[in-house]
Structures are given as C-alpha cells and as structure tokens.
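Visitor: sequence and predicted structure are below.
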Amino acid sequence: MTTIKLRDSRLAVDYMARDYDSFRRALLDLIPEKIPEWTDRSEANLGVALIELFAYMADILSYYQDRIANEAFLSTARERRSVIEHLKLIGYEMAPAASAAARLSLIVANNVNEVVEVRKGDQFSTSSTKERKSMTFEYTEEKPLLIDTSTATPDSATRPDGSPMKGFKEVRDVIPVREGKSIVNEVIGVSTGMPNQRFGLAKARLLRNSLEVNVETPVPTPPWRLRKNLILSHRAFNPDELATLEYQERISSTLAFTRGTEPDYAIETDENEFSYVVFGDGQYGLIPEANVRILASYRVGGGAAGNVASGQIKTIARAPQLQLLGAKVVNRSPASGGAERESIDQAIKFAPTLFASMQRAVTAEDYEAQAKLFPGVSKARAESTNWNTVKLYIAPTGNGEAPSDILRNDLLAYFEDKRMITSIIEIESPKYVSLEITAEIGVLPYFIRERVQSAAETAVKQLFDFEDADFKQTLYLSKVYEALEGLEGVDYVVVSRFRRSDFAQDIPSDGKVVMDANEIAVLQPEDLLIDPKGGI
C-alpha cells in the first residue's frame, strides 16, 4: 500500500489511499522529513496516539466524502432518499406498494333468503400462522353491494378441499375486496395559515388513491383535491374545457391546474414510506385557514404478502350484518396484484423510459413501459388490433393469475391521461401455459436423498420462477440439466419430460419449448416431478 510518493524530488501524500492504515502510515512516514529528532514510534508515545486519532478522523471523513459523491449521481446513489430527490427532477415518482385484490364467495344457510348488504369498510381476513401474519381485506367501493341470497342453489356450497357443505348455499365470487386497513378522520394537524404547510400521516405504507383530505371549517366543504404537484405556469385550457376534463377525470391525478383559490394538495413520501400532505402557498394552491383541523381518511397496506392462495380469506373480521346471519366467506381464486414498493434498481432502469415518453402512450412500447410502472403489474405486452384499438395483455404480480376486474379498472383510469384521445384500450389476460417437467437424478453415496431432491426441486422452480418469466420466451432443456447437474450430491440427471402441457411429445426434438406472443410459461408444483435414485 503506497502512501508516500516522490514527485519532483519531493515527498507527496497519495490522496487515493484513504483508509485508517494509509493515513497512519503516511503521517508516520513524514516524521523523518518534518521532525527528524522524533524517533519514538511506540504506541505509548503521545504523538503517535495523536497521529492515530487524526488517521481515525480522516478515515471517517473520507467515508462520508465518498458517500456524498456517490449520492450526488443517480447511477451511483444507494440511499432511497437520494434517488427520490434525483427522480423528482424528471417528474418521476417511485411507485409505492400495491395492494392485492380478490373476490369472495358468500356462504349462507339454505334457509337464508335475504338481500345482504356489504358496506364500505367491511373487513375480511386470513388466519394467522407462525410463518405468516393475518392479512386484512376490505370492501372499498363507495356504493353498498347488495347480494340476493335467494338466487343461490341450496347445498351448492363446498369446502376448500371441494367436499360439499350440507345445508349451505353459495353465491360465488360476488364480493370484491382489497388488501389493507382503513384509517378514518385522523387529525394530522392544525393549520397555521402559513404557506407550504406539511402534515405527516401517522401510518406508513399509504395506498395513494385512497387518501381523502378534509379541512374542518365552520361551513362544511368538499374534500380537497389531490394533485401531482402544485405548480403550473399558465393554463393550458379555458375554464369550460377544464371543467369537461375534470368531469371525465382526465387530469385529476397527473396535471396541476391549480391556483391560489383552489383547494388542492400534493403528497410526498419519504424513504421510510411515511407520507406527508403538502398544501399550497396562496399562489399555487389554497392555504387552509388558520386554526382549523386537517383531517385525513386513508388506507394502508400493500405488498406481495397480500397475494394469498385460494381458500385463505375465510374470516369475517368486521361486518356485523353478515355475522348476524351466520354467513361465511372464502376466496375461490388466489388474490393477485400485490407488489412491494418500487426498488431503487427498478426506478433507475425505468425512469428514463418515462422521461422519453413524457408520460404519454403512443407506441406499443410506450404502453408496455407505462403499464410496467403501475403497482401490481408484473408483465405487460401491447399490440394494435386496428387503427385506434390497443390490446394490453397484463400479468399481475402473483403466480400466473388473470388480472382482476379491480386491476383492470385501475389501469384504464391510469391510462386516461396518457393515451391518445381517440385510442381505445382493452385489458386482456395473457395465456398461461403450464410446463411439465419430469427428471430422474442419481444421488451420490453418503448424501441424504430427500435433501438432494428438495434442492433439485428448488433449483428448477427458481429457473422457471414466474417473476422471471415473460411473453414470447424460449425455454431450453439444457438449462434444466445445467441447474440440476450443478447441485451438490447429484451424480447424473435424466430428464424424461420437458414440454408444454398441450403438447403430446415428451421431449421436443430441438430441446426447446417456445411460447407464442401472448403466452407466458408457468410451472405449477404438481407439474414438477423429481425422482431421486440412490443416496441415503
């Protein structure tokens, strides 16, 4: 480690060496030139102790200098806070976590023939286990849902395993629910009457579209409006055009046509997923009156944990009208669409595509890029079927489920201010193609057969993991051999089946399984068979 260099016949410190040892050695090496009479280099020497102290301080300062330099550029930033601030410069907002959606079936006794009402805020949940906490799902629609139980066929209800439930009938897939919990009329602060006030929400992981902000004035006023930002230099539309667009909900969440008399607010979310309500300064956005309370109603939740399997949502947590009837609920299909907040790597990857398209969807690539930015969307493919119709194939996060009607409606609303005015968007489900894989593996002596089998199954599942799959992929038999032969304890591998479920031939002649343009390969656990031979 060179720390002292000879430059122009003079000793110079190499400032590229910047850790504790380098600083300490550099300072000690300078002693003979600067103070030749100082010959004691023992650790007990006060001067050496001071040198070590300075080296320690310099090491810390160098670390922070490097961190500051890294955080100054988007490509090298590692702190989420830095990335958030960088992306604000191009109008990109990192996506929060998305909540999963599901549909519940209602099960009641055969003698119940009432019209049941499901209200906003009614809660349903999964059972908690040691490995997984309970997940809460809510009915979130403003309009109550009326279910006529008299239309159900007696004795039509079944248990999760498919066995009949005698004396009960079922209305299938009738209650749309979203994962998350509601917080109603939380007091987030009291207005001071000053410009640019910020009030934090008490709960983290805000589901943005659920937020409703009210200012508690003597004369009740409508909820304030959410804007992406509060600054726009001039109006792009006249008042009549603006009113029309507002009625069509074309600009409600993306453009900031706000002035000092308009009750608008914006949201800022920090690196810890806590959100803040930001009010205007009187020129761009109205300032709330002084000494009035600010109330917020919102929902929190989101994440991949909400993608629960079928038959898991079966507890009525808060819906007294259903509990009085002795009703039961169950999700016959898995929940889907739940996703974690956008990662730093993903934001850095996709932010340039948003900047290039200027948040507009014109080409098929624009539609795909914009759809992938929507929380809960794992994969997207767009194709034009005629001059003004775009088919958008959407695979939600999960494990190969069709997009729910809730996700479809949210996506259509999301594209309203991005599509061309004459374009029609049709949300379609991709065709999921099941893979079938059967392999025999030889297990070396002194290796436990079950452990090698488990490792082999995990390796193949990871190879064909749904999150890594995409449209129009080509899958190779050689990759299966490569994944299995590389495992510890495997002597040999013989794959006897590697095919699409709709093909008769066990092994394609060219060793390739090809997906069509709108197809995605899915490997279900029951379609993977690993047969171990030998071992212990």
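Guide: Received, thanks. Residues are numbered from 1 along each chain as shown.

Visitor: hang on, isn't Glu327 packed against Leu104?
Guide: One thing to correct before we go on: residue 327 is Ala, not Glu. No: in terms of CB atoms under 8 Å, Ala327 does not count as a neighbour of Leu104; the distance is 10.5 Å. To be clear about C-beta, it is placed using only N, CA and C from the backbone, and glycine gets the same treatment.

Visitor: neighbour-wise, which of these two wins?
Guide: Between Ala327 and Leu104, counted using other CB atoms under 10 Å, the more crowded position is Leu104 (25 against 20).

Visitor: how many neighbouring residues does the nearest residue to Ala483 once chain neighbours are set aside have?
Guide: Spatially, and ignoring its direct neighbours in sequence, Ala483 is nearest to Ala459 (4.5 Å; CB to CB, 6 or more residues apart in numbering). Using other CB under 10 Å, the number of residues around Ala459 comes to 17.

Visitor: same for the helix or strand containing Arg497, what does it pack against?
Guide: Per DSSP states H and E, Arg497 falls inside strand 490-500. Where contact means 3 or more CB pairs under 8 Å, 6 or more residues apart in numbering; DSSP states H and E, strand 490-500 is packed against strand 431-443, helix 477-485, strand 512-514.

Visitor: just say which of the ones you listed is most tucked in.
Guide: Highest mean neighbour count of the helices and strands packed on strand 490-500: strand 431-443, a mean of 19 (counted as mean count of other CB atoms under 10 Å).

Visitor: that one to strand 490-500, inter-axis angle?
Guide: 160 degrees (axes from the mean of the first three to the mean of the last three CA atoms, to 10 degrees).

Visitor: which SSE is immediately downstream of strand 431-443?
Guide: helix 449-463.

Visitor: next one: that following helix to chain centre, how far?
Guide: Between the centre of helix 449-463 and the centre of its chain there are 28 Å (CA atoms, centre = their mean, to the nearest Å).

Visitor: in that helix, which residues are buried?
Guide: Neighbour-count burial for helix 449-463 flags 452-453, 455-457, 459-460, 463 (criterion: 16 or more other CB atoms under 10 Å).

Visitor: identify the residues contacting that helix?
Guide: Helix 449-463 has contacts (CB atoms under 8 Å, 6 or more residues apart in numbering) with 437, 439, 441, 443, 479-480, 483-484, 486-490, 523, 525, 528, 530, 532, 534-536.

Visitor: then stretch 345-352?
Guide: Stretch 345-352 is contacted by residues 74-75, 83, 87, 90, 92, 94, 369, 372-373 when judged by CB under 8 Å, 6+ apart.

Visitor: try stretch 496-513
Guide: With contact meaning CB under 8 Å, 6+ apart, stretch 496-513 is reached by 433-440, 474-478, 480, 495, 521, 527, 529.

Visitor: shaky segments in this structure?
Guide: Low-confidence segments of the chain (pLDDT under 70): 1-17, 229-260, 353-358.

Visitor: counting by contacts, list what the top helix by length along it packs against.
Guide: Longest helix in the chain, counting residues (DSSP state H): helix 46-71. The helices and strands touching helix 46-71, judged by 3+ CB pairs under 8 Å, 6+ apart, are helix 20-34.

Visitor: strands along the stretch 251-400 of the chain, start to end?
Guide: Secondary structure of the stretch 251-400 of the chain (DSSP state E, counting those that start in this stretch): strands at 264-269, 275-279, 293-300, 313-318, 328-330, 377-386, 389-396.

Visitor: quick check: angle from the longest one to strand 389-396?
Guide: For strand 377-386 against strand 389-396, the angle by the same axes, to 10 degrees is 160 degrees.

Visitor: which residues touch strand 377-386?
Guide: 339, 364-365, 367-368, 371-372, 390-398, 407, 411, 426, 430, 466-467, 469-472, 517-518, 520.

Visitor: so Tyr276 touches Gln197, yeah?
Guide: No: using CB under 8 Å as the test, Tyr276 is too far from Gln197 to be in contact (9.8 Å).

Visitor: tell me which of those two has more neighbours.
Guide: In terms of neighbours (other CB under 10 Å), Gln197 is the more surrounded of Tyr276 and Gln197; the figures are 20 against 16.

Visitor: and the more buried one, what is it in contact with?
Guide: So Gln197 contacts 189, 191, 278-279, 287-288 (CB under 8 Å, 6+ apart).

Visitor: circling back: can you put the helices and strands packed on strand 490-500 in CSV and add distance to Glu179?
Guide: Shown next, in CSV, are those (distance: least, CB to CB, whole Å):
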stretch, distance to Glu179
strand 431-443, 22
helix 477-485, 33
strand 512-514, 34
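
Visitor: closest one to Gln65 among those?
Guide: Proximity to Gln65, assessed across these by CB to CB, is greatest for helix 477-485 (43.8 Å).

Visitor: the strands of the stretch 251-400 of the chain into CSV, with extra columns for distance to Asn185?
Guide: Converted to CSV, those look like this (distance: least, CB to CB, whole Å):
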stretch, distance to Asn185
strand 264-269, 16
strand 275-279, 14
strand 293-300, 5
strand 313-318, 17
strand 328-330, 27
strand 377-386, 32
strand 389-396, 32
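
Visitor: compare the ones you listed and give me the one nearest Ser99.
Guide: Nearest of the strands of the stretch 251-400 of the chain (CB to CB): strand 293-300, 7.7 Å.

Visitor: who's in contact with the closest one?
Guide: 99, 138, 140, 178, 180-191, 199, 201, 203-207, 210-216, 277, 288.

Visitor: do that again at 7 Å, thanks
Guide: Identification of contacts with strand 293-300 by CB atoms under 7 Å, 6 or more residues apart in numbering yields 180-191, 199, 201, 203-207, 210-216, 277, 288.

Visitor: buried stuff in that strand?
Guide: Under 16+ other CB under 10 Å, the buried positions of strand 293-300 are 294-296, 298-300.

Visitor: now swap in stretch 204-223 and tell me
Guide: 205-208, 210-211, 213-216.

Visitor: again, but for stretch 109-125
Guide: In stretch 109-125, counting by 16+ other CB under 10 Å, buried: 109-110, 112, 116, 118, 122-125.

Visitor: repeat that for stretch 403-418.
Guide: Going by 16+ other CB under 10 Å, stretch 403-418 has these buried residues: 403-404, 406-408, 410-411, 414-418.

Visitor: who touches that stretch?
Guide: Contacts for stretch 403-418 (CB under 7 Å, 6+ apart): 101, 176, 178, 249-251, 254, 336-337, 359-361, 370-371, 374, 376, 394, 396, 425, 427, 429.
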